[in-house]
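Novice: what would the 3D arrangement of this be:
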Amino acid sequence: MSNIIIDISKLELAAAKLRAISHPIRIAIIDLLAKGESLSVTEIYEALNIEQATASHHLNILKNKNVVISRRDGKKIFYSLKHVELTEVIECVNRCSD
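Specialist: Below you'll find the model as predicted:
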C-alpha cells in the first residue's frame, strides 16, 4: 500500500471553483475572458446579450471564488481571468461530452 496523502482543503477549494464555473453564463463569461483581454461589465453583458444585473451577479460569484480578478478604472470595473488554465477544464469537459 502506498502512502498517498490527500489534502482535503485543496480538494475543497477545487470543488468550490468547479461549482463556481458550473453555470452556462459563467462558462460564457470565462470563454469571453479567455482571449486574454480585460473586459468591462458593459462589454460582457452586451457580448452575451444578458442584463447588466445578471452579468454582475455571475461576475461576483466568479470573483468570490478567485476565478476572475477585477480592477477599477474611473467608474468602470474591468474583469480578467485569474487562472487562464481554467479554460482547459471547460475544454476537457466539452471534449468528453461528445
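Novice: if I look at residue 52, how far off is residue 8?
Specialist: 38 Å (CB to CB, to the nearest Å). For glycine as for every other residue, the C-beta is placed from the backbone atoms N, C-alpha and C.
Novice: okay, those two: which has more neighbours?
Specialist: Neighbour tally, residue 52 and residue 8, criterion other CB atoms under 10 Å: the higher count belongs to residue 52, 12 against 7.
Novice: the more buried one contacts residue 44, doesn't it?
Specialist: No. Using CB atoms under 8 Å, residue 52 is not in contact with residue 44; the gap is 9.1 Å.
Novice: any chance you could map the helices in this protein?
Specialist: Applying DSSP state H to the chain gives helices spanning 8-21, 24-33, 41-48, 52-64, 86-96.
Novice: which of those helices has the highest mean neighbour count?
Specialist: Most buried of these by mean neighbour count (mean count of other CB atoms under 10 Å) is helix 24-33; its value is a mean of 18.
Novice: which residues touch that helix?
Specialist: Helix 24-33 is contacted from outside by 20-21, 39, 44, 47-48, 50, 54-55, 58-59, 61-62, 67-68, 79-81, 86-87, 90, using CB atoms under 8 Å, 6 or more residues apart in numbering.
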